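Novice: Fold the following, please.
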Amino acid sequence: MPKTASGFEKDFNSLKKDTAALLKYLQQLPLATLESWFKKTEVQYELLCDILQVLEPVASEDWVGKLMVSLSKADNFEMTLMFVEEQEKDLIKKIVSKLSPQLSS
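Specialist: Residues are numbered from 1 along each chain as shown. I've put the predicted structure just below:
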């Protein structure tokens, strides 16, 4: 397990070609650890885009919403969202729509 946001990004990028391994890696991340990594560091736009692409197919799983909330606590997250383009907005909408049934129950 990495100790910093940059270590996480390095691990994430090394696993990018193996979606199953990447999903397993994300599922095993303690959310408090993820939040601590990005407390004083921005989530880079490219990393956010890649995370969204990985999460969208499994967005109905409970941990996805929790991971998204943890990411949203990152330093300057609002600024990162300002750069989000139409493709990522669509991914966010798809993820939220898959989470919505869980949120209403």
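Novice: which helices and strands does the worst-scoring helix or strand of the chain on mean pLDDT pack with?
Specialist: Here the helix or strand of the chain ranked lowest by mean pLDDT, DSSP states H and E is helix 86-104, holding a mean of 83. Counting contacts by 3 or more Cβ pairs under 8 Å, 6 or more residues apart in numbering; DSSP states H and E, helix 86-104 is packed against helix 45-55, helix 62-72. For every residue, glycine as well, the C-beta is placed using N, CA and C.
Novice: Swap in 6 Å and give it another go.
Specialist: helix 45-55 (3 or more Cβ pairs under 6 Å, 6 or more residues apart in numbering; DSSP states H and E).
Novice: For the helix it packs on, what does the pLDDT average out to?
Specialist: Mean per-residue pLDDT for helix 45-55: 94.
Novice: ok, back up a step: just the angle for the least confident helix or strand of the chain relative to helix 62-72, thanks.
Specialist: Helix 86-104 and helix 62-72 meet at an angle of 120 degrees, taking axes from the mean of the first three to the mean of the last three Cα atoms, to 10 degrees as the criterion.
Novice: List the buried residues in helix 86-104.
Specialist: Along helix 86-104, these residues count as buried under the neighbour rule (16 or more other Cβ atoms under 10 Å): 88, 91-92, 95, 98-99.
Novice: Look up how far Tyr25 lies from the nearest residue to Lys40 once chain neighbours are set aside.
Specialist: Distance criterion Cβ to Cβ, 6 or more residues apart in numbering; nearest residue to Lys40, sequence neighbours excluded, is Asp75 at 5.4 Å. The gap separating Asp75 from Tyr25 is 22 Å, by Cβ to Cβ, to the nearest Å.
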